[in-house]
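[1] This is the structure alone, sequence omitted:
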């Protein structure tokens, strides 16, 4: 019953854990793009 290829013993990489270190760069850029788009829509509608 002791199989060497046990799937629970292998290390899997989590997608969220791979994105978390990039958040200090991605979050402000995304916020700046969002603010720019909202300002562009407000100026266009005015």
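    Looks like it arrived, so ask away. In this text, all values refer to a predicted model and were calculated from it rather than measured experimentally.
[2] alpha carbons only for contacts and neighbour counts from here, please
    Fine.
[3] Return the residues in contact with the most centrally placed residue in the chain.
    In the chain, the residue lying closest to the centroid (CA atoms, centre = their mean) is residue 19, at 4.8 Å. Counting by CA atoms under 8 Å, 6 or more residues apart in numbering, residue 19 makes contact with nothing.
[4] any idea which element it lies in?
    Using DSSP states H and E, residue 19 sits in helix 15-19.
[5] Toward the C-terminus, what is the element adjacent to that helix?
    helix 23-45.
[6] pLDDT of the helix holding residue 19, averaged?
    Averaged over helix 15-19, pLDDT sits at 88.
[7] ok now it, how far from the chain's centre?
    7 Å (CA atoms, centre = their mean, to the nearest Å).
[8] how close does residue 34 get to residue 27?
    Here residue 34 is placed at a distance of 10 Å from residue 27 (CA to CA, to the nearest Å).
[9] any idea how far residue 13 is from the residue nearest to the centre of the chain?
    To residue 13, residue 19 is 11 Å away according to CA to CA.
[10] Below-threshold pLDDT in the protein: ranges please.
    1-10 (pLDDT under 70).
[11] tell me the SS of residue 13?
    coil (DSSP: H, G, I helix; E, B strand; the rest coil).
[12] tell me, how many neighbours does it end up with?
    8 (other CA atoms under 10 Å).
[13] Okay, it and residue 35: tell me how far apart.
    The separation that residue 13 has from residue 35, given CA to CA, amounts to 33 Å.
[14] Please report how far residue 25 lies from residue 32.
    Residue 25 is 11 Å from residue 32, by CA to CA.
[15] actually residue 44, not the one I typed
    18 Å.
[16] Same drill for those two, tell me which one is more crowded.
    Comparing residue 44 with residue 32 by other CA under 10 Å, the one with more neighbours is residue 32, at 11 against 8.
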